[in-house]
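Participant: whatever this is, show me its structure:
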Amino acid sequence: MYVSHLTLHNFRSYVAADVELSPGVTAFIGRNGQGKTNLVEAIDYLSRLASHRVASDAPLVRAGADQAVVRAAVVRDGRTAVLEVELNPGKSNRARINRSQLPRARELVGLVRTVVFSPEDLTLVKGDPSDRRKLLDDLLVLRTPRLAGVRADYDRVLRQRNSLLKTARMSRGALDTLGVWDDHLARTGAELLAERLALVDALRPYVGKAYETVARGATRDDADIEYKPSFDLEGRTGHDELTEALLAEVERRRPDEVDRGVSLVGPHRDELLLRLGELPVKGYASHGESWSFALALRLASYDLLRADGDDPILILDDVFAELDTERRAQLADLVAGAEQVLVTAAVGADVPEALAGVRYRVAGGEVTRE
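Facilitator: All right, here's what the predicted structure looks like:
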């Protein structure tokens with residue numbers, strides 16, 4: 001799978017952009033603030049309908065414009081499809097395939113698969129649990145696109161339930177209505193929880209292998225990941241079992257939830273534990289070890305998606321400036337064989353020789369092939 005053409009209208013800093021792409025490595029070189037990351041961000045957005053840089057769509061639309069359009073020609077197994085998404089902040093986004101509009105924009109999710117390496121990846125190790133939950137959920141959706149709907153349903157239920165909890169102490173009606181939303185939370189939460197548990201089991205061996213590759217002197221047994229739910233599952237992993245367990249725990253924690261006005265049980269409170277040996281990475285690992293673990297998580301995601309039978313598009317967004325020479329070379333060697341690699345760098349010399357390929361110069365809103 002690769003993108004052969006990218007077209008932007010009013011996306012980020014671009015009034016318009018048309019870029020021809022090809023399999024192999026393409027590097028976008030330019031000083032900070034010139035728009036090189038905006039190009040690869042657009043391709044990643046088509047993959048997940050979300051940005052790896054911001055939480056909402058509004059910053060993706062050029063200042064003064066009402067909407068933005070991202071369009072890409074995607075080649076898979078020799079066939080080309082044109083994917084398009086229209087971003088409408090404050091309204092529903094619209095998506096098309098070969099100019100035919102889809103009933104819902106999220107049906108576009110997963111048709112392009114991307115794995116992004118960026119300087120922000122360090123938050124996977126040092127950041128909040130929400131950063132690690134997002135890593136899992138993004139990977140889930142890429143592997144099984146229908147789970148985008150499950151995740152959206154769970155978020156909707158959670159918002160409604162939290163709204164009721166905020167008024168439950170003063171409203172008997174709100175307290176009575178909570179039971180309905182408890183059922184919704186347990187049902188959708190159990191499906192999301194079961195999928196995350198299975199994903200972590202599938203991802204774990206790839207993390208160990210990747211860490212051994214990028215960390216000096218490490219073995220694949222050094223790095224480990226573990227899913228930690230918000231309560232003890234006692235070995236339960238099936239959907240029905242998890243639904244019952246979530247309902248029981250919600251009932252047990254009801255007084256605390258009403259007192260605090262927030263949902264305390266469910267996948268939104270879970271954590272992905274990262275370990276080196278017997279110690280957690282967060283708070284104990286050195287800066288170099290933290291970077292190696294972050295890279296290992298991304299490489300493991302790529303390897304798992306690749307094992308599903310389809311090469312994802314690899315995006316290396318300003319990542320080489322954060323790595324020493326040895327890690328640059330290691331990462332370049334690991335990804336050079338991917339079907340399509342997109343690189344951004346402020347200085348051409350930051351891009352390792354193993355990733356020599358097509359280069360574009362990005363400056364002043366213009367994208368010019370060297």
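Participant: which helices and strands sit right next to the least confident helix or strand in the chain by mean pLDDT?
Facilitator: Within the chain, no helix or strand scores below helix 325-335, which has a mean of 84 by mean pLDDT, DSSP states H and E. Secondary-structure packing of helix 325-335 (3 or more C-beta pairs under 8 Å, 6 or more residues apart in numbering; DSSP states H and E): helix 172-214, helix 287-307, strand 313-317. Where you see a C-beta, it was placed from the backbone N, CA and C, and this is true even at glycine.
Participant: of these, which is nearest residue 96?
Facilitator: Among the helices and strands packed on helix 325-335, the nearest to residue 96 by C-beta to C-beta is strand 313-317 (19.9 Å).
Participant: list the contacts of that closest one.
Facilitator: For strand 313-317, the external contacting residues (C-beta atoms under 8 Å, 6 or more residues apart in numbering) are 1-3, 37, 40-41, 43-44, 47, 52, 112-119, 302, 331, 335, 338-344, 355.
Participant: parallel or antiparallel, list what pairs with it.
Facilitator: strand 114-117 (parallel), strand 340-345 (parallel) (DSSP bridges).
Participant: so for the following helix or strand past the shortest one, what gets flagged as buried?
Facilitator: Past strand 114-117, heading to the C-terminal end, the next element that is a helix or strand (DSSP states H and E) is helix 123-126. Buried residues in helix 123-126, counting neighbours by 16 or more other C-beta atoms under 10 Å, are found at 123, 124, 125.
Participant: okay, these in CSV with pLDDT and distance to residue 359 next?
Facilitator: Compiled in CSV, the buried residues of helix 123-126 are given as follows (pLDDT from 0 to 100; distance: C-beta to C-beta, whole Å):
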residue, pLDDT, distance to residue 359
123, 93, 29
124, 94, 29
125, 95, 31
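Participant: mean neighbour count, the helices and strands packed on helix 325-335: which tops it?
Facilitator: Mean neighbour counts were compared across these using mean count of other C-beta atoms under 10 Å; the top stretch is strand 313-317, at a mean of 24.
Participant: pull out the buried positions in stretch 75-92.
Facilitator: Buried residues in stretch 75-92, counted by 16+ other C-beta under 10 Å: 75, 82, 83, 84, 85, 86, 87.
Participant: what's the angle from the one helix or strand the first one maps to to strand 313-317?
Facilitator: For residue 75, the enclosing helix or strand under DSSP H and E is strand 68-76. Angle, strand 68-76 to strand 313-317, by axes from the mean of the first three to the mean of the last three C-alpha atoms, to 10 degrees: 130 degrees.
Participant: residues in contact with strand 68-76?
Facilitator: 1-12, 42-43, 45-46, 60-62, 80-87, 111-112, 310.
Participant: pull out the buried members of those.
Facilitator: 1-3, 5-12, 42-43, 45-46, 60-62, 82-87, 111-112.
Participant: show me those that map onto strands.
Facilitator: 2-3, 5-11, 82-87 (DSSP state E).
Participant: farthest-apart pair in those, please.
Facilitator: Farthest pair in those, by C-beta to C-beta: 2 and 10, 25.1 Å.
Participant: ok and the least confident helix or strand of the chain relative to helix 287-307, angle-wise?
Facilitator: Helix 325-335 runs at 10 degrees relative to helix 287-307, counting by the same axes, to 10 degrees.
Participant: any of the contacts of strand 313-317 buried? List them.
Facilitator: Using 16+ other C-beta under 10 Å as the threshold, 1-3, 37, 40-41, 43-44, 47, 52, 112-118, 302, 331, 335, 338-344, 355 are the buried ones among the contacts of strand 313-317.
Participant: for the stretch 151-300 of the chain, give me the ranges with low pLDDT.
Facilitator: Confidence mapping of the stretch 151-300 of the chain against pLDDT under 70 gives the ranges 170, 172-174.
Participant: how close does the closest residue to residue 80 other than its chain neighbours sit to residue 81?
Facilitator: Excluding its sequence neighbours, the residue lying closest to residue 80 (C-beta to C-beta, 6 or more residues apart in numbering) is residue 73, at 5.5 Å. Distance from residue 73 to residue 81, counting by C-beta to C-beta, to the nearest Å: 7 Å.
Participant: next: residue 325.
Facilitator: Residue 325 is 40 Å from residue 81, by C-beta to C-beta.
Participant: then residue 205?
Facilitator: 33 Å.
Participant: ditto for residue 40
Facilitator: Residue 40 sits 20 Å away from residue 81, going by C-beta to C-beta.
Participant: ok, the residue lying closest to residue 303 once chain neighbours are set aside to residue 358 distance?
Facilitator: Spatially, and ignoring its direct neighbours in sequence, residue 303 is nearest to residue 206 (4.7 Å; C-beta to C-beta, 6+ apart). To residue 358, residue 206 is 29 Å away according to C-beta to C-beta.
Participant: where does the residue nearest the centre of the chain sit: helix, strand or coil?
Facilitator: Among the residues of the chain, residue 138 comes closest to the average C-alpha position under C-alpha atoms, centre = their mean, at 4.0 Å. Under the three-state scheme (DSSP: H, G, I helix; E, B strand; the rest coil), residue 138 adopts helix.
Participant: same for the helix or strand where residue 255 lies, what does it pack against?
Facilitator: Per DSSP H and E, residue 255 falls inside helix 254-260. Helices and strands touching helix 254-260, by 3+ C-beta pairs under 8 Å, 6+ apart, are helix 147-167.
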